[in-house]
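give me coordinates for this.
(chains A and B)
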There are 2 protein chains.
Amino acid sequence: MSGFVLHNYFRSSTSTRLRAALNLKGLDYEYVAYHLRKGEQRSQSYLAINPQGLVPSLQLEDGSVLTQSLAIIEYLDEIHPEPPLLPDTARARARVRALAYAIACEVHPVNNLRVLAHLKSAFGADDAATADWFRHWVRETFDPLEVMLAGDPRTGRFCHGDTPGLADVCLYAQVLNNRRFGIEMASYPTIARIFDACAALDAFARALPERQPDAE
Amino acid sequence: MSGFVLHNYFRSSTSTRLRAALNLKGLDYEYVAYHLRKGEQRSQSYLAINPQGLVPSLQLEDGSVLTQSLAIIEYLDEIHPEPPLLPDTARARARVRALAYAIACEVHPVNNLRVLAHLKSAFGADDAATADWFRHWVRETFDPLEVMLAGDPRTGRFCHGDTPGLADVCLYAQVLNNRRFGIEMASYPTIARIFDACAALDAFARALPERQPDAE
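Numbers count the residues shown, from 1 in each chain, chains lettered A, B, ... in the order given. Coordinates of the predicted model:
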């Protein structure tokens, strides 16, 4: 056993990213679930682990805790370098991080559960309006992301070359999330192709929300 | 001259982050401005540089373009390692990245200009409602961020130790942004102290929006 404890939620997109990265590295972990819709991530016991009250967190062998999915994945890539989740040149790493952040900083934060809930409480947004909001922000990033991936010879079977990495775990988790809001993938053939390449791998399949112990 | 061209906007928080990082590294650059409120970042000429239509982008000597402020800063730290913007152990780097992402993935994306504009168009939010929205998301992250910084012995004069880095450029730019919405800093003494430590350095002062050529 790695001694890792993963604090997470089956349907959280950032949790899915991290599960896929742990699986790609061949690292096992104890699975602890927090039901976000019941607010379990705001319990005192979890706030003691992660004051932000967000999932995922990764607790290490010595009890110390890492937060923020992308920071944890960079850490895993540094301490368990094989297989690498970032390419081997600075220029290429900048590209992969930019693709990852396009999703992690532009799509996901605006569309996560707490933001959609706040739209309802602050503006009385109904389900149709929140779904429109979600789809708007997916399009804002997926339209250029498709161009950036399709038009770059560095794109391979995956976002960068023929092995999966940091950008792919973000893409995979976001596309899964999109399905809940009926995003049409026909406009995104390259993204769809890369998603399918991820989905065909056991490391990604085992990260699926519906395969987790807390899945409903 | 470094040969870098910085495509940016004086008041953009992500642009401020990157200017501070370039200044900390002692790297100069040609400054090219895009007026976000006039939509200049959506011009065909800029979309050819960055299909996302977002600032900042950094164009390198050979004309290639890097996007996403945090990906660019990681790149700068790799090719110009001195002074380092990330600490020298994996565990410490994970902490600094998590602090940076708490701002870059939780506060800024929900509060940037295009999101506030969309709140107005989608929900008819007036200035007071968008200001409430802004302050809500600052509090959601700054409350725990203050706890995470104040309660950790690794916090020094800056977010991590006594030299500024990746988390500090994010903190600095966000606090500047907060001022436009009247965020009261009395609840955040550690964040305020670190901001002041940054502001006292020339590298940060020269990154200030009002010191840029396109400042209004």
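
show me the domain layout of chain A.
What automatic domain parsing lists as the domains of chain A is A:4-83, A:90-203.

okay if I get those as JSON lines plus distance to chain B, mean neighbour count and mean pLDDT?
C-beta coordinates here come from the backbone N, C-alpha and C atoms, glycine included. Listed next are these as JSON lines, based on distance: least, CB to the nearest CB, whole Å; neighbours: other CB atoms under 10 Å in any protein chain shown; pLDDT from 0 to 100:
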{"stretch": "domain A:4-83", "distance to chain B": "4", "mean neighbour count": "19", "mean pLDDT": "96"}
{"stretch": "domain A:90-203", "distance to chain B": "4", "mean neighbour count": "19", "mean pLDDT": "97"}
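
can you tell me which of those comes nearest to residue B:148?
Comparing those by their distance to residue B:148 (CB to CB), the top pick is domain A:4-83, with 5.4 Å.

endpoints of that closest one, how far apart?
Start to finish, the residues bounding domain A:4-83 are 18 Å apart (CA to CA, to the nearest Å).

equivalent analysis for stretch A:199-216, please.
Looking at stretch A:199-216, the gap from its leading to its trailing residue is 21 Å under the measure CA to CA.

in it, what counts as buried?
By neighbour count with 16 or more other CB atoms under 10 Å in any protein chain shown, stretch A:199-216 contains the buried residues A:201, A:203, A:204, A:207, A:208, A:209, A:212.

now do the same contact list for the fourth one.
Spelled out, it's residue A:207. Taking CB atoms under 8 Å, 6 or more residues apart in numbering or on different chains as the definition of contact, the neighbours of residue A:207 are A:16, A:19, A:20, A:23, A:172, A:173.

distance of the fourth one from residue A:211?
Translated: residue A:23. Using CB to CB, to the nearest Å, residue A:23 is found at 11 Å from residue A:211.

what packs against the helix or strand containing residue A:169?
Per DSSP states H and E: residue A:169 is located in helix A:166-179. Using 3 or more CB pairs under 8 Å, 6 or more residues apart in numbering or on different chains; DSSP states H and E as the contact criterion, the elements in contact with helix A:166-179 are helix A:13-24, helix A:69-79, helix A:90-101, helix A:108-111, helix A:189-199.

one more time with 6 Å
Here helix A:166-179 is seen to pack against helix A:13-24, helix A:90-101, helix A:189-199 when contacts are counted using 3 or more CB pairs under 6 Å, 6 or more residues apart in numbering or on different chains; DSSP states H and E.

got a list of what residue A:191 touches?
Under the criterion of CB atoms under 6 Å, 6 or more residues apart in numbering or on different chains, the contact partners of residue A:191 comprise residue A:146.

how about residue A:151?
With contact set as CB under 6 Å, 6+ apart, residue A:151 has no partners.

can you pull the phi and psi angles for it?
For residue A:151, the backbone dihedrals (degrees, to the nearest 10) come out as phi -90, psi 10.

and it, how far from residue A:188?
Applying CB to CB, one obtains 13 Å for the distance of residue A:151 from residue A:188.

next one: residue A:39
When residue A:39 is compared with residue A:188 (using CB to CB), they lie 34 Å apart.

and stretch A:59-79, C-alpha only, in PDB?
As requested, the backbone C-alpha atoms of stretch A:59-79 are provided in PDB (Å, rounded to 0.1, in the frame of the first residue of the first chain):
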ATOM      1  CA  GLN A  59      -3.200  12.600   2.800                       C
ATOM      2  CA  LEU A  60       0.400  11.200   2.800                       C
ATOM      3  CA  GLU A  61       2.000   8.500   4.800                       C
ATOM      4  CA  ASP A  62       3.000  10.900   7.600                       C
ATOM      5  CA  GLY A  63      -0.400  12.400   7.900                       C
ATOM      6  CA  SER A  64       0.400  15.600   6.100                       C
ATOM      7  CA  VAL A  65      -2.200  16.800   3.600                       C
ATOM      8  CA  LEU A  66      -1.900  18.100   0.000                       C
ATOM      9  CA  THR A  67      -4.700  20.100  -1.600                       C
ATOM     10  CA  GLN A  68      -5.700  21.300  -5.100                       C
ATOM     11  CA  SER A  69      -5.800  18.500  -7.600                       C
ATOM     12  CA  LEU A  70      -3.300  20.000 -10.000                       C
ATOM     13  CA  ALA A  71      -0.800  20.700  -7.300                       C
ATOM     14  CA  ILE A  72      -1.200  17.100  -6.100                       C
ATOM     15  CA  ILE A  73      -0.700  15.700  -9.600                       C
ATOM     16  CA  GLU A  74       2.500  17.800 -10.000                       C
ATOM     17  CA  TYR A  75       3.700  16.400  -6.700                       C
ATOM     18  CA  LEU A  76       3.000  12.800  -7.700                       C
ATOM     19  CA  ASP A  77       4.800  13.400 -11.000                       C
ATOM     20  CA  GLU A  78       7.900  14.600  -9.100                       C
ATOM     21  CA  ILE A  79       8.100  11.800  -6.500                       C
END
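
what's the offset of it from the middle of its chain?
Centroid displacement of stretch A:59-79 relative to its chain, using CA atoms, centre = their mean, to the nearest Å, is 15 Å.

stretch A:86-103 now?
Centroid displacement of stretch A:86-103 relative to its chain, using CA atoms, centre = their mean, is 15 Å.

cool, stretch A:134-144 as well?
Here the centre of stretch A:134-144 is set off from its chain's centre by 16 Å, with CA atoms, centre = their mean.

same check on stretch A:128-136?
Relative to the mean C-alpha coordinate of its chain, stretch A:128-136 is positioned 20 Å out (CA atoms, centre = their mean).

try stretch A:9-19
When distances are taken as CA atoms, centre = their mean, stretch A:9-19 is centred 6 Å away from the chain's centroid.

could you do stretch A:185-201 as well?
With CA atoms, centre = their mean, you get 15 Å for stretch A:185-201.

do stretch A:54-66 as well
Relative to the centre of its chain, stretch A:54-66 is centred 17 Å away, using CA atoms, centre = their mean.
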